[in-house]
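Enquirer: I would like the atomic coordinates for the input below:
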Amino acid sequence: MKDLNLLREQINSSNRAERLKAARELGEAIKDGSLSREMLQEVNNHVHTTYSYSPYEPAAAAFAAWEAGLGIVGSVDHDSIGAAEEMLEASALLGIASTVGFEVRSGFQNTPFAHKKVNNPDSAGIVYMCVHGVPQSAIPLVDKFLEPIRAIRNKRNVAQVEALNALLEESPLEKIDFERDVVPLSRFKDGGGITERHILHAFAQKILDVAPQGAKTLQFIDQQLGVKVSGKVKEFLLDENNPHYIYDLLGVLKSNYMPNFFIQPSIEETVDVREVVKFSLSIGAIPAYAYLGDITESVTGDKKAEEFEDAYLDDLVAFLAEIGFPAITYMPPRNTKAQMERLQQLCQKHNLMEISGVDINSSRQSFNCPELLESEALHLVDSAWALVAHEKLVNHNPAWGLFSPASPVANLPLKGRIELYSGLGRKMDPFNPASIVDLAQKAFG
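Expert: Numbering: from 1, shown residues only. Okay, here's the model as predicted:
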């Protein structure tokens, strides 16, 4: 095997062929035992890649998850399914179970919650939702569904860059050009999405071009932009050798500038929630509402105190079930035990699957989520394995989906189906995901 550090570089190369070659070499080393790890119970099916905003190419995300000891890795990108094929291929080469999906803003304008900030800190009447377990055969259909959303969003992105440039009119910084400075930071030409984080990254890079990282950056944003930084973030930005510097600076700029240049998405950009649910179910995927919950003190320190869906959660969950949602997704590190207990009771009442995943979009974040192994969240690990099994099986036969009325085990209650599918996912050979088909045929009789 080549030097491990070299392979880590190559698996995150800008060249897809080189990334997969590195994944293949690492996989061979894993198979012959020259590269090993301690496998944990932890899983994560909500890792962002370069196809939305992340330091990780899909293959690199798969290997980072493998190194962290995860049993499952999943790619979920904003307005994009572009990472999916590589995530599936690289994961099979590395011997880690995988799942793919996407995240999208959906329109709640024509619902009883149209004027509320439901789970979106930036917008009322617009809701974040995830679509999990996209079968590989449906990836082209998903890309076709999301393509017009990306195109409309880019018109807003251009306007947001212009708004940010207006805010920086008096600064010595060069103006940000969308095509020159923002688009190359993305995978837009390969079906990736462009987010506000890409714009902020370009902004951060303009600062670093004139004020190299360290004390000079802090001095510049203080004296030229009037941005004061203190505490741990100040320590991060003073460190000239900080490998996460661009992400730490981006976070400072996000809180100080994004509220002033952010433009609300149009109705055209946010497809009606019912339409997204209908499309997702039609391809055998699992649409899931992303629960946020009221924030009194942010567990992760990245959100301000604010009220979201908790005051009307009973009505909201009932509505989600009524319009066809089969699942709700949430993040144990971001919620209190009381919030999770209430949500879990509502999911049981309305026969909704519980899915978990902690979004990764910065090199500073850990792939590990020990909170998932606490008693009130441990069942979410079984759900993740069931999700993996569902995705592989529905790709083989649409009738074999977790929620298919034609399923050979459709008579089982949801808990029983999740238990069965979870067992199939765990028994599957991750180097050969298709092996789950034979396992399912035996289990289904």
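
Enquirer: ok, Ile323 - contacts?
Expert: 273-274, 277 (CB atoms under 8 Å, 6 or more residues apart in numbering). The C-beta positions use only the backbone N, C-alpha and C, and glycine is treated the same way.

Enquirer: with Arg105 instead?
Expert: 120, 123, 126-128, 265, 269-270.

Enquirer: can you map out the strands along the stretch 51-200 of the chain?
Expert: Assigned by DSSP state E, counting those that start in this stretch, the stretch 51-200 of the chain shows strands spanning 72-78, 97-107, 126-132.

Enquirer: make TSV out of those and add mean pLDDT and distance to Thr217.
Expert: Compiled in TSV, these are given as follows (pLDDT from 0 to 100; distance: least, CB to CB, whole Å):
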stretch	mean pLDDT	distance to Thr217
strand 72-78	97	28
strand 97-107	97	31
strand 126-132	97	32
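
Enquirer: just checking, what packs against the helix or strand hosting Ala338?
Expert: Take DSSP states H and E as the rule and Ala338 turns out to sit in helix 337-349. The contact analysis (3 or more CB pairs under 8 Å, 6 or more residues apart in numbering; DSSP states H and E) places helix 337-349 against helix 313-322, strand 327-330, strand 353-356.

Enquirer: now the ones you listed as TSV including distance to Phe145 and mean neighbour count?
Expert: Compiled in TSV, the helices and strands packed on helix 337-349 are given as follows (distance: least, CB to CB, whole Å; neighbours: other CB atoms under 10 Å):
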stretch	distance to Phe145	mean neighbour count
helix 313-322	20	17
strand 327-330	19	25
strand 353-356	20	25
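
Enquirer: between the ones you listed, which gets nearest to Arg150?
Expert: Closest of these to Arg150 is strand 327-330, at 22.2 Å (criterion: CB to CB).

Enquirer: determine how far that closest one lies from the middle of the whole chain.
Expert: From the chain centre to the centre of strand 327-330 is a distance of 13 Å (CA atoms, centre = their mean, to the nearest Å).

Enquirer: same deal with stretch 347-362?
Expert: 12 Å.

Enquirer: with stretch 250-264 instead?
Expert: Per CA atoms, centre = their mean, the displacement of stretch 250-264 from the mean C-alpha position of its chain is 20 Å.

Enquirer: ditto for stretch 416-423
Expert: 24 Å.

Enquirer: report the buried residues of that stretch.
Expert: The neighbour-count check on stretch 416-423 (16 or more other CB atoms under 10 Å) flags 417-418, 420-423 as buried.

Enquirer: could you find the closest non-adjacent residue to Cys369?
Expert: Val358 (4.9 Å; CB to CB, 6 or more residues apart in numbering).

Enquirer: same check, this time on Gly191
Expert: Gly191 sits nearest to Gly82 (CB to CB, 6+ apart), 3.6 Å away.

Enquirer: wait, which of the helices and strands packed on helix 337-349 is closest to Leu88?
Expert: Going by CB to CB, the one of these nearest Leu88 is strand 353-356, 18.6 Å.

Enquirer: contacts for the closest one, please.
Expert: 45, 130, 132, 286, 288, 326-332, 343-344, 347, 372, 377, 379-380, 383-384, 386-387, 402, 414, 418.

Enquirer: what would the helices and strands packed on helix 337-349 look like in CSV with mean pLDDT?
Expert: What follows is the helices and strands packed on helix 337-349, written out as CSV (pLDDT from 0 to 100):
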stretch, mean pLDDT
helix 313-322, 98
strand 327-330, 97
strand 353-356, 96
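
Enquirer: any low-confidence regions in the stretch 201-350 of the chain?
Expert: Flagging of the stretch 201-350 of the chain using pLDDT under 70 yields the residue ranges 297-304.

Enquirer: and the residue lying closest to Leu88 once chain neighbours are set aside, how many residues sit next to it?
Expert: Once flanking residues are discounted, Leu88 sits nearest to Ser98: 5.6 Å by CB to CB, 6+ apart. Burial measure for Ser98: 26 neighbouring residues, criterion other CB atoms under 10 Å.

Enquirer: for Ser98, name its beta-bridge partners.
Expert: Applying DSSP bridges to Ser98 yields these beta-bridge partners: Val73.

Enquirer: please report the distance of it from Glu9.
Expert: Distance of Ser98 to Glu9, given as CB to CB, to the nearest Å: 22 Å.

Enquirer: now the strands of the stretch 51-200 of the chain as JSON lines including distance to Val142?
Expert: Formatted as JSON lines, the strands of the stretch 51-200 of the chain follow (distance: least, CB to CB, whole Å):
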{"stretch": "strand 72-78", "distance to Val142": "11"}
{"stretch": "strand 97-107", "distance to Val142": "6"}
{"stretch": "strand 126-132", "distance to Val142": "8"}
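
Enquirer: so which of these gets nearest Asp181?
Expert: Once these are compared by CB to CB, strand 72-78 is nearest, at 19.4 Å.

Enquirer: how many residues are close by Glu240?
Expert: Using other CB under 10 Å: Glu240 sits among 12 other residues.

Enquirer: pretty sure it is touching Thr217, no?
Expert: No. With contact defined as CB atoms under 8 Å, Glu240 and Thr217 do not form a contacting pair (9.1 Å).

Enquirer: distance between stretch 374-392 and the chain's centre?
Expert: For stretch 374-392, the distance to the chain centre is 16 Å (CA atoms, centre = their mean).
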